[in-house]
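Colleague: Model the structure of this input:
(chains A and B)
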Amino acid sequence: EPEVTQTPSHQVTQMGQEVILRCVPISNHLYFYWYRQILGQKVEFLVSFYNNEISEKSEIFDDQFSVERPDGSNFTLKIRSTKLEDSAMYFCASCRDNQPQHFGDGTRLSIL
Amino acid sequence: DQQVKQNSPSLSVQEGRISILNCDYTNSMFDYFLWYKKYPAEGPTFLISISSIKDKNEDGRFTVFLNKSAKHLSLHIVPSQPGDSAVYFCAASDMEYGNKLVFGAGTILRVKS
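Modeller: Numbering: from 1, shown residues only, chains lettered A, B, ... in the order given. Down below sits the predicted model:
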């Protein structure tokens, strides 16, 4: 069964550094998402992406965050200048029309 | 943000018995409700969903019930198996599947053999 794949599984970065989290959504999916889960908290929505543009973003998704689908298969989340509070599990998800979202196994981001 | 609530942090059930996981929501705009299962070190895995035009959806051992007037849904697993032990998330979306999901905090289900 096709899967959403995320790399790396764990990323350790110094505060203030840029980080790029990578995702390969399921190939025939049209909608792409990033969510995050801070330890002990709920899974929360960051951004959705459709037809090569952001369709919705949350208050968390400020100017430090950006997303890109550079080559038709990858979907990336960039955090320009990381803060301690960006430490979390980041999940990528994708879906087709009228289908539930499928999630990757996540990237654990640790900011030191 | 308390739009989707799972008030039971954990539930312990004997193998073969029924597991009932509950979820409440406050946003009347939610039209689709989903249950995801999550094992440690994995992402959420879709289990079952229900549209607001229905009050029940069944898939094998899993049944989801929706009570719109009470803004309440529940997931029934029968019979429960040890492999069902995981964290179960309730999630809701407005309008259609393409929209963002709002998650509950999750319920840890432990099925004892």
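Colleague: Which strand residues bridge whichever residue of chain A sits closest to chain B?
Modeller: Nearest residue of chain A to chain B: A:F103, at 3.7 Å (C-beta to the nearest C-beta). Bear in mind the C-beta positions are built from the backbone N, C-alpha and C, glycine included. Counting by DSSP bridges, A:F103 forms beta bridges with A:A93.
Colleague: give the contact list for it.
Modeller: A:4, A:35, A:91-93, B:36, B:43-45 (C-beta atoms under 8 Å, 6 or more residues apart in numbering or on different chains).
Colleague: so A:Q6 touches A:D105, yeah?
Modeller: Yes: here A:Q6 reaches A:D105: they are 6.1 Å apart, a contact under C-beta atoms under 8 Å.
Colleague: Looking at the two, which has the bigger crowd around it?
Modeller: Taking other C-beta atoms under 10 Å in any protein chain shown, A:Q6 and A:D105 do not tie; A:Q6 has more neighbours (23 against 19).
Colleague: so what does the strand or helix carrying the more buried one touch, helix or strand wise?
Modeller: According to DSSP states H and E, A:Q6 maps onto strand A:5-7. Packing contacts for strand A:5-7, counted by 3 or more C-beta pairs under 8 Å, 6 or more residues apart in numbering or on different chains; DSSP states H and E, involve strand A:19-24, strand A:88-95.
Colleague: So B:G83: helix, strand or coil?
Modeller: With DSSP: H, G, I helix; E, B strand; the rest coil as the basis, the three-state label of B:G83 is helix.
Colleague: Tell me the residue of chain B that sits nearest chain A?
Modeller: B:G43 (3.7 Å).
Colleague: show me what contacts that residue?
Modeller: B:G43 neighbours (C-beta under 8 Å, 6+ apart): A:4, A:6, A:91, A:93, A:103-106.
Colleague: Grab the nearest non-local neighbour of it.
Modeller: Closest residue to B:G43 apart from its sequence neighbours, by C-beta to C-beta, 6 or more residues apart in numbering or on different chains: A:F103 at 3.7 Å.
Colleague: Report the contact partners of residue 16.
Modeller: No chain specified, so I'll use chain A. A:81-82 are the contacts of A:G16 under C-beta under 8 Å, 6+ apart.
Colleague: Chain B was what I was after
Modeller: So B:G16 contacts B:79-80 (C-beta under 8 Å, 6+ apart).
Colleague: From B:S113, how far off is it?
Modeller: 9 Å (C-beta to C-beta, to the nearest Å).
Colleague: so who does the nearest residue to A:V24 once chain neighbours are set aside touch?
Modeller: Nearest in space to A:V24, with sequence neighbours left out and distances taken as C-beta to C-beta, 6+ apart, is A:T5 at 4.7 Å. When contacts are counted by C-beta under 8 Å, 6+ apart, A:T5 touches A:23-24, A:104-105.
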